[in-house]
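Engineer: Next one to model:
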Amino acid sequence: MSENEKSVTDKAAEIAGQAVHAVTEKLTDLKAEASEAIDDLKAKASELISDEKINEVKAQATEKIADLKEDASEAVEAAKAKAQEFAAEAVATVDNLKEKATEFMKSENVDAMKAEAAEKFEDLKSDASEAVDAARAKAQELANEASETMAEVTQKAKGFWSNLFGGK
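Structural biologist: The predicted model follows:
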């Protein structure tokens, strides 16, 4: 019986060794799967954090663009108002010149005054024309500045979004 006992003992040891080996393999597989699952969870958490950051940056960028558009719009409105102011001054100057010309025409020395009035009228007309031209130039300059500001804002916004999302 001693040989049978030894044989049974050896078989039991062999079966136990195989069981330990099988359990060890299963534990190794479970450990690898758990590690993979943890890595997946970390990646998903990172994606969620990234999405939240992207949404936050998008909101900030949208707000900044809206502010810049509003500023540019205000600059254009200011330029329009200034141009209208210059135009109103030019119209007032022309009206004033008309009144003075009419007064000169009604005076006693009409011929002498006509010549003098014509000369002064041409001078004032030239001054008024220069004032109108200056007003137009200033209005155009302000409009160009506003347009350039809008172009810069648009370009910066495009660059920002392109850099943010990896585009060209």
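
Engineer: continuing past the lowest-mean-pLDDT helix or strand in the chain, what's the next helix or strand?
Structural biologist: The helix or strand of the chain with the poorest confidence is helix 2-106; it has a mean of 79 (mean pLDDT, DSSP states H and E). As assigned by DSSP states H and E, the chain's next helix or strand after helix 2-106 is helix 110-165.

Engineer: which helices and strands does that following helix pack with?
Structural biologist: Secondary-structure packing of helix 110-165 (3 or more Cβ pairs under 8 Å, 6 or more residues apart in numbering; DSSP states H and E): helix 2-106. No exception for glycine: its C-beta is placed from N, CA and C like everyone else's.

Engineer: For the helix it packs on, name the packing helices and strands.
Structural biologist: Applying 3+ Cβ pairs under 8 Å, 6+ apart, we find helix 2-106 packed against helix 110-165.

Engineer: The helix it packs on - what's its average pLDDT?
Structural biologist: Mean pLDDT, computed over helix 110-165, is 81.

Engineer: how far off helix 2-106 does it point, in degrees?
Structural biologist: Interaxial angle, helix 110-165 versus helix 2-106 (axes from the mean of the first three to the mean of the last three Cα atoms, to 10 degrees): 180 degrees.

Engineer: circling back: can you give me how far the least confident helix or strand of the chain is from the chain middle?
Structural biologist: What separates the centre of helix 2-106 from the centre of its chain is 15 Å, taken as Cα atoms, centre = their mean, to the nearest Å.

Engineer: what does stretch 151-167 give?
Structural biologist: Centre-to-centre, stretch 151-167 and its host chain are 7 Å apart (Cα atoms, centre = their mean).

Engineer: That one: which residues count as buried?
Structural biologist: For stretch 151-167, a neighbour-count test (16 or more other Cβ atoms under 10 Å) marks 153, 157 as buried.

Engineer: With stretch 61-75 instead?
Structural biologist: Using 16+ other Cβ under 10 Å as the test for burial, stretch 61-75 gives 65, 68, 72, 75.
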